[in-house]
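K.L.:
okay, sequence plus prediction incoming.
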Amino acid sequence: MASPQQARVRSEARSDARIEARVSQEQKELYDRAAAIEGITLTAFAISTMNRAATNVIQEHTNMVLSVRNQQTFVDALMKPPEPNEALRKAAKAYRK
């Protein structure tokens, strides 16, 4: 019986959009072997692997991780913002016009 992820990958594989890639014979054999170990088709393996990789890349670029010191600096800046300097006052005045 297929796992939920395998079933999802299979249903996504029925989409109309296509992706093509040229790989070496050694790469194809590697991917075929990995797909066989997982018990899924090469297409399902490629889609699930690309989905995981894409999700990881997006998360790495969306999530901001701060050290404890940087967290405190950030919170302090929000809670006790500095007084506006002359340049900021001029910019605000120009914006209002």
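P.N.:
All right, it came through fine. Residues are numbered from 1 along each chain as shown.
K.L.:
what's the weakest-modelled helix or strand in the chain?
P.N.:
The weakest-scoring helix or strand in the chain, judged by mean pLDDT, DSSP states H and E, is helix 4-13 (a mean of 56).
K.L.:
show me where the protein has helices.
P.N.:
Taking DSSP state H as the criterion, the chain carries its helices at 4-13, 25-38, 42-62, 68-79, 86-96.
K.L.:
right, and the ones you listed - which one's nearest residue 19?
P.N.:
The closest of the helices of the chain to residue 19 is helix 42-62. By CB to CB, the value is 7.9 Å. Using the backbone N, CA and C atoms, a C-beta is placed for each residue, glycine as well.
K.L.:
list the helices and strands that closest one packs on?
P.N.:
In terms of contacts (3 or more CB pairs under 8 Å, 6 or more residues apart in numbering; DSSP states H and E), helix 42-62 is packed against helix 4-13, helix 25-38.
K.L.:
what separates residue 68 from residue 26, distance-wise?
P.N.:
46 Å (CB to CB, to the nearest Å).
K.L.:
distance between stretch 55-64 and the chain's centre?
P.N.:
In terms of CA atoms, centre = their mean, to the nearest Å, the centre of stretch 55-64 is set 4 Å apart from its chain centre.
K.L.:
quick one: average pLDDT of that stretch?
P.N.:
Stretch 55-64 comes out with an average pLDDT of 89.
K.L.:
same thing with stretch 27-42?
P.N.:
Here the average pLDDT along stretch 27-42 is 97.
K.L.:
ignoring the adjacent residues along the chain, who's closest to residue 84?
P.N.:
Using CB to CB, 6 or more residues apart in numbering and skipping residues adjacent in sequence, the residue nearest residue 84 is residue 92, 7.3 Å away.
K.L.:
okay, now that neighbour: neighbour count?
P.N.:
10 (other CB atoms under 10 Å).
K.L.:
thinking it is in contact with residue 85, fair?
P.N.:
No: applying CB atoms under 8 Å, one finds residue 92 not in contact with residue 85, separated by 11.0 Å.
K.L.:
can you report phi and psi for residue 67?
P.N.:
Main-chain dihedrals, residue 67, degrees, to the nearest 10: phi -70, psi 170.
K.L.:
quick check: pLDDT value at it.
P.N.:
In this model, residue 67 is scored at 90, pLDDT.
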